[in-house]
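Asker: What would the 3D arrangement of this be:
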Amino acid sequence: MRNEDQLNRRPDSSDLLREETSGGEDEEYSFIRETYKQRPVSPRRVFYILLGILVGASIFGLVAGWVFIRVTGLNNGKTPSTVTIPADEVKEKVSPTASAEAEESGEETAEQGTVPSESDGEDPETVVIYVTPTPEPEMTEEEKLASILENYNEIHAAFGQLAEAAMKSMVSVTGYKAEEDWFNTTYLDSRTVSGVIIADNSVDLLILAEYRAIEDTDRIAVTFTDATMVEASLLKEDPTTGLALIRVPLTEIPKETMDVIEPAVLGNSYSVKPGDLAIVIGRPNGQAGAFNFGNVTSIGGQVSLEDATFNLISTNMYGSSTGSGVLIDTKGRVMGILSASITAGDPAVLDAVPISLIKSRIQILSNNGDLPRSGIFGTDISAAMAELYELPAGVYVTALSEESPAFEAGIRVADIITMVDGRPIVSMQAYHERLMETEPGTTMEVTVERSGSDGMVEYTYTVTAGRLT
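Answerer: Numbering: from 1, shown residues only. Below you'll find the model as predicted:
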């Protein structure tokens, strides 16, 4: 009964709702006016966020800088110094008897000066004793032959020592390319030539070599004289001579290797004459580290190229038709560059491009410049030929490259170039050197003489130097 009374007195949900809402208008929906405060920002959290941003930015900067250095070849922010290769001047030929006559007159003067005279105040009591030298015993034929052979061996040893010292400037340049055979098997194709160290521009080591070894290749490697191999890259190519400048970052070369290598000394090839002793080093027979010695036989073999004519240095030495290397003199100076693509005759006979004729081109390429071109092929009209055929001395235009700057300017085959910018031009070599002084995109005033119905007529054309690519 008591339980039933308690159950009867239990309030239902409607009673509770009425009690909650009985507070009047001011308490109705009072929960809507509650205020929510944001959680205060932790200084430690802000510090960690900023620290993460700084660390990420630093890592990104380091990676970007490393990629930039690898791509541009810069070392520690250094910029390459300018490479300067002074041009050579043609030396005047000296009569071979001049020095002998000078020496002879000098000896006579010396002898006359040693003759005592009474005015010298010589002590009259001085006794002069003449000593007759003891004659050397005559050698037998066997002894003479042995002496000759010994001297010959000494000469060979001297050439070997000279070549070994010059090898410090030589490297092997190899181009690698991945190829596939008929069975889709990948193999690595490679071509190797000799290169010569030209300069150190404080960022890269610059190497001159034939472009044929690295043409259409994927990677380039340079092997130094101590067998150290370093990856390299192409700096500039010269399509006219078939040569190229290759660079190796100094940071990639071990110190031990830098201690045993050095840039070559470039000589003056204008002083070379037939009969001179000469040495070839590099890969003249296709093998690395080879050398040979002989004589210069000729300097008259000509090769006509675009905007240049080279008188090659020919020797009596034979090698591979694909041989490479340099020609040096008896002082170890580079006199010429062997080139498989430029030869005056038998490809097995070692010919060299005179170094003096290409120094201006090497300097432009070494400084990452562009070679100028006009597109002229020509031959010299000497003073004797000009007098014989009643022609002006200069350069006879034998051919023009299609769409070349010279052709577009108006120059034609059979024109005779006599002046450039008011300076007389008497040979193709002089024209080449003048062109090398012209920046691509700038102009030259080329004066020619052309045969007409009334004789030779003079014309002047403005030639805008192009860019050799």
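Asker: Where does the prediction get shaky in the stretch 1-150 of the chain?
Answerer: Along the stretch 1-150 of the chain, the model assigns pLDDT under 70 to residues 1-48, 50-52, 54-58, 60-77, 91-128, 130-131.
Asker: Phi and psi next, for E138.
Answerer: The main-chain torsion angles of E138 are listed as degrees, to the nearest 10 and equal phi -70, psi 140.
Asker: cool, E445 as well?
Answerer: phi -90, psi 110.
Asker: so who does it touch?
Answerer: M419, V420, D421, G422, T460, Y461, T462, V463 (CB atoms under 8 Å, 6 or more residues apart in numbering). Using the backbone N, CA and C atoms, a C-beta is placed for each residue, glycine as well.
Asker: Which members of the residues you listed occur in strands, if any?
Answerer: By the criterion of DSSP state E, membership of those in strands covers M419, V420, T460, Y461, T462, V463.
Asker: top of the contacts of E445 by neighbour count?
Answerer: For these, neighbours were counted using other CB atoms under 10 Å, and V463 has the most, 24 neighbours in all.
Asker: Kindly state the beta-bridge partners for the residue nearest in space to the middle of the chain.
Answerer: Geometric centre of the chain, nearest residue: L245, 3.4 Å, by CA atoms, centre = their mean. Beta bridges link L245 to L208, K236, judged by DSSP bridges.
Asker: what does D200 give?
Answerer: Beta-bridge partners of D200, counted by DSSP bridges, are L205.
Asker: Over to D351?
Answerer: When bridges are assigned using DSSP bridges, the partners listed for D351 are S314.
Asker: Against E138, how distant is it?
Answerer: Computed as CB to CB, to the nearest Å, the D351 to E138 distance reads 46 Å.
Asker: Those two: which is more packed in?
Answerer: D351 (24 against 7).
Asker: which of the contacts of E445 lies closest to M317?
Answerer: Taking CB to CB as the measure, V420 is the one of the contacts of E445 closest to M317, at 37.8 Å.
Asker: picking that back up, need the contacts of E445 in JSON lines (columns: distance to N184 and pLDDT).
Answerer: Output for the contacts of E445, formatted as JSON lines (distance: CB to CB, whole Å; pLDDT from 0 to 100):
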{"residue": "M419", "distance to N184": "61", "pLDDT": "96"}
{"residue": "V420", "distance to N184": "56", "pLDDT": "97"}
{"residue": "D421", "distance to N184": "59", "pLDDT": "95"}
{"residue": "G422", "distance to N184": "64", "pLDDT": "93"}
{"residue": "T460", "distance to N184": "61", "pLDDT": "97"}
{"residue": "Y461", "distance to N184": "56", "pLDDT": "97"}
{"residue": "T462", "distance to N184": "56", "pLDDT": "97"}
{"residue": "V463", "distance to N184": "52", "pLDDT": "97"}
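Asker: Can you tell me how far the residue nearest to E89 when sequence neighbours are not counted is from I362?
Answerer: Counting by CB to CB, 6 or more residues apart in numbering, the nearest residue to E89 once its immediate chain neighbours are dropped is Y270, at 7.1 Å. According to CB to CB, Y270 and I362 sit 16 Å apart.
Asker: Neighbour count: those two, which is higher?
Answerer: I362 (23 against 16).
Asker: Would it be right to say that that one lies in a helix?
Answerer: Yes: with DSSP: H, G, I helix; E, B strand; the rest coil as the criterion, I362 is assigned to a helix.
Asker: didn't it look like it was pressed against A209?
Answerer: No: the pair I362 and A209 does not pass the contact test of CB atoms under 8 Å, sitting 11.8 Å apart.
Asker: Return every residue with contacts to both of those two.
Answerer: Residues touching both I362 and A209 comprise L243, with contact defined as CB under 8 Å, 6+ apart.
Asker: Just the mean pLDDT for stretch 153-173, thanks.
Answerer: Predicted confidence along stretch 153-173 averages 91 (mean pLDDT).
Asker: Equivalent analysis for stretch 201-212, please.
Answerer: Stretch 201-212 comes out at a mean pLDDT of 96.
Asker: swap in stretch 222-229?
Answerer: The model assigns stretch 222-229 a mean pLDDT of 96.
Asker: Kindly check the end-to-end length of that stretch for me.
Answerer: One end of stretch 222-229 sits 6 Å from the other (CA to CA, to the nearest Å).
Asker: what's the domain layout of this protein?
Answerer: The chain breaks down into these structural domains: 170-258, 269-366, 372-467 (assignment by automatic domain parsing).
Asker: Tell me which of those domains sits most buried.
Answerer: Among the domains of the chain, ranked by average contacts under mean count of other CB atoms under 10 Å, first place goes to domain 269-366 (a mean of 20).
Asker: Distance from the chain centre to that domain, please.
Answerer: Computed by CA atoms, centre = their mean, to the nearest Å, the chain-centroid distance of domain 269-366 equals 16 Å.
Asker: about what we covered before: kindly reformat the ones in strands among the contacts of E445 as TSV containing distance to L327.
Answerer: Formatted as TSV, the ones in strands among the contacts of E445 follow (distance: CB to CB, whole Å):
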residue	distance to L327
M419	34
V420	31
T460	40
Y461	38
T462	40
V463	34
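Asker: quick one on the thing from earlier: quick one: the residue nearest to E89 is in a helix?
Answerer: Yes: under three-state DSSP, Y270 falls within a helix.
Asker: From I313, how far off is it?
Answerer: Counting by CB to CB, the separation of Y270 from I313 is 11 Å.
Asker: do A290 as well
Answerer: In this structure, A290 and I313 are 19 Å apart, going by CB to CB.
Asker: where do the helices sit along the chain?
Answerer: Taking DSSP state H as the test, the helices found in the chain are 2-9, 13-20, 43-72, 96-114, 141-166, 255-258, 355-366, 383-389, 405-409, 428-436.
Asker: and the closest residue to T225 other than its chain neighbours, what is it in contact with?
Answerer: The shortest distance from T225 to any non-neighbouring residue, by CB to CB, 6+ apart, is to M167 (5.4 Å). Each residue near M167 by CB under 8 Å, 6+ apart is listed here: T225, I281, G289, F291.
Asker: which residues touch the first one?
Answerer: It refers to T225. Applying CB under 8 Å, 6+ apart to T225 gives the contacts M167, K168, M170, V171, V260, I261.
Asker: about what we covered before: what is the nearest of the contacts of M167 to N368?
Answerer: Checking the contacts of M167 against N368 by CB to CB gives T225 as the nearest, at 26.2 Å.
Asker: quick one, phi/psi of the closest one?
Answerer: Dihedral angles phi and psi of T225 (degrees, to the nearest 10) take the values phi -60, psi -20.
Asker: Use 230 as the first number for this chain going forward.
Answerer: Okay, residue one is now 230; in that scheme the one you just asked about reads as T454.
Asker: Would you mind giving the domains of the chain as JSON lines with distance to T308 added?
Answerer: Formatted as JSON lines, the entries for the domains of the chain read as follows, by distance: least, CB to CB, whole Å:
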{"stretch": "domain 399-487", "distance to T308": "7"}
{"stretch": "domain 498-595", "distance to T308": "14"}
{"stretch": "domain 601-696", "distance to T308": "20"}
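Asker: right, so of those domains, which gets closest to Q390?
Answerer: With distances scored as CB to CB, the stretch of the domains of the chain nearest to Q390 is domain 498-595 (10.1 Å).
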